[in-house]
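[1] Sharing a model that was predicted from the sequence below.
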Amino acid sequence: MRTQTGVSASVCLVELHAGLIDSQCLLGAHAEITSVITLCRFDVTHRDRETGGAEMKSCRAAGLILLVALLLGFLYWNQSRAAADVFPVSHEFHLEAEHLQYKQPSILQGRNDVVTVTPWLAPVVWEGSFDPVLLDGIYRPKNISITATVFAVGKYIMFLKDFLETAEQHFFVGFNVHVYVFTDQPKEVPRVQMAAGRKLTVRSVLDSQRWQEISARRMELIQTLIEERHRNIMDYIFCLDVDSRFHGRWGTESLGRLVAVIHPGYYKDPRSSFPYERRPVSRAYVAPGEGDFYYCGGAFGGLLQEVHLLARTCHRNFKEDARNNIEAAWQEESHLNRYMWVNKPSKVLSPEYLWQDFKPRNPEVHIVRFSGVVKNYAKIRPNV
Ligand SMILES: CC(=O)N[C@H]1[C@@H](OP(=O)(O)OP(=O)(O)OC[C@H]2O[C@@H](n3ccc(=O)[nH]c3=O)[C@H](O)[C@@H]2O)O[C@H](CO)[C@H](O)[C@@H]1O
Ligand SMILES: [Mn+2]
């Protein structure tokens with residue numbers, strides 16, 4: 001009986017540490033430990049009668065008290081550690097300066113030509129829907145770091161210079177940024193002057209005969225990258241297409257647990273015409289009448305552990321499809337769309353965050369922050 005009690009108390013603690021249960025369970029664990037103490041006490045008195053030794057009695061009692069004290073000490077230590085994980089100190093809300101000046105917020109005035117919140121109450125970020133001064137003031141004291149991944153394999157290396165140079169001008173300016181470049185030509189990576197707090201790491205990857213594979217393999221490499229890094233709860237990552245340039249601010253307003261970008265080509269269309277994977281046999285399948293938005297494969301992000309889960313899931317599903325001889329219509333973009341349908345993003349970025357240079361700007365798009373360059377697919381891809 002003692003063993004059962006001990007086990008369920010520690011299972012409870014393990015779950016709490018993993019953030020799976022609430023404080024009720026911890027109270028339960030306390031109650032169970034208390035019953036362990038009671039049982040110990042019972043054992044001491046029971047054995048006393050058998051031996052009759054007063055010395056033995058006090059010795060055993062002291063031993064048991066020590067054991068219980070150790071147990072309680074461990075419980076307390078584990079509890080505070082678990083609590084620290086659930087509510088990390090760095091999550092406390094405080095402004096950079098106590099007297100930060102910014103425009104008074106209003107719930108009556110704002111953008112009225114676009115929707116700025118999803119039906120599951122995630123913000124949709126449009127220019128004019130946020131205050132950059134306020135947001136930077138909130139995030140700067142947290143000392144966050146932002147990782148960006150970009151793949152430049154084969155001829156796509158030609159896009160890297162512009163990507164990196166414009167990122168210096170617009171992507172999380174003034175924050176800690178770590179860009180990971182994955183390429184098959186490390187020597188061709190251009191030297192770009194980076195500001196203090198920003199760095200670049202080059203990783204070698206193999207080229208491939210198929211662009212679909214290069215594109216889809218990104219999920220696996222992103223998964224591995226996150227596994228190798230220290231998983232700090234306050235670290236964010238964005239995974240971006242290289243054939244693009246920054247044109248305007250992309251900063252703290254884009255931060256969230258799980259972040260998706262609405263594709264510029266489909267945001268006015270009915271969901272029935274979204275290019276989701278429509279074959280039920282694929283793990284990327286989205287049924288008719290389902291799906292919220294059509295999201296880009298060229299930009300997504302969020303907290304490290306959330307993006308890790310996303311990349312791992314998309315990679316697994318992609319491999320499972322391959323075993324069944326099927327490749328989703330838009331490779332990892334299809335898997336990403338399936339994932340975001342099931343796991344709603346906590347923040348959605350408007351098409352300002354991934355426009356396409358060949359598209360004229362629509363009136364609701366007040367600023368283009370990041371945009372895909374015009375490219376000749378036949379010339380740059382290894383296959384058609
Ligand atoms: C803007 C946007 O949402 N783009 C997505 C879209 O087409 P895209 O036409 O934008 O795909 P793409 O040709 O840019 O390929 C995606 C990315 O893979 C890398 N790459 C690709 C080929 C190659 O030979 N070398 C190389 O490095 C590179 O980082 C590139 O940016 O659909 C693709 C489906 O697979 C991806 O989901 C893209 O992210
Ligand atoms: Mn692209």
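    Perfect, thanks for sending it. Numbering: from 1, shown residues only. Ligands and ions are numbered 1, 2, ... in the order given.

[2] what stretches of this structure score poorly on pLDDT?
    1-59, 76-98, 230-234 (pLDDT under 70).

[3] Recalculate using a threshold of 90.
    Applying pLDDT under 90 to the chain picks out residues 1-101, 207-216, 228-234, 376-384.

[4] Quick check: A195 touching F171?
    No: look at A195 against F171 with CB atoms under 8 Å: they stay out of range, at 11.0 Å. No exception for glycine: its C-beta is placed from N, CA and C like everyone else's.

[5] Between the two, which has more neighbouring residues?
    Between A195 and F171, counting by other CB atoms under 10 Å, F171 is the more crowded of the two (24 against 11).

[6] Just want the residue of this structure that's nearest ligand 2.
    Of the residues in the chain, the one nearest ligand 2 is D241, at a distance of 3.7 Å by CB to the ion.

[7] list the contacts for that residue?
    By CB atoms under 8 Å, 6 or more residues apart in numbering, the contact set of D241 is 150, 297-299, 354, 372.

[8] so who does V117 touch?
    If a contact means CB under 8 Å, 6+ apart, then V117 has 123-124 as its contacts.

[9] So what sits opposite it in the bridge?
    P123 (DSSP bridges).

[10] can you tell me how far it sits from R111?
    Using CB to CB, to the nearest Å, we find V117 at a distance of 11 Å from R111.

[11] ok, which stretches of the protein are helices?
    Under the criterion DSSP state H, helices of the chain are mapped to 2-17, 23-51, 54-86, 132-139, 160-170, 211-228, 304-323, 331-342, 377-380.

[12] Could you find the closest non-adjacent residue to F130?
    Distances taken as CB to CB, 6 or more residues apart in numbering put E253 closest to F130, at 4.5 Å, once the chain neighbours are dropped.

[13] Kindly apply the preceding question to S273 instead.
    For S273, the nearest residue in space outside its immediate sequence neighbours is Y266; the separation is 7.4 Å by CB to CB, 6+ apart.

[14] same thing with S254?
    Computed as CB to CB, 6+ apart, the closest residue to S254 that is not its neighbour in sequence is L349, at 5.7 Å.

[15] Relative to R338, how far out is that neighbour?
    Counting by CB to CB - L349 and R338 are separated by 19 Å.

[16] Which residues are in contact with the closest residue to ligand 1 within the chain?
    Closest to ligand 1 within the chain is G297: 2.1 Å, counting by CB to the nearest ligand atom. With contacts defined as CB under 8 Å, 6+ apart, G297 is in contact with 215, 241, 330-333, 336.
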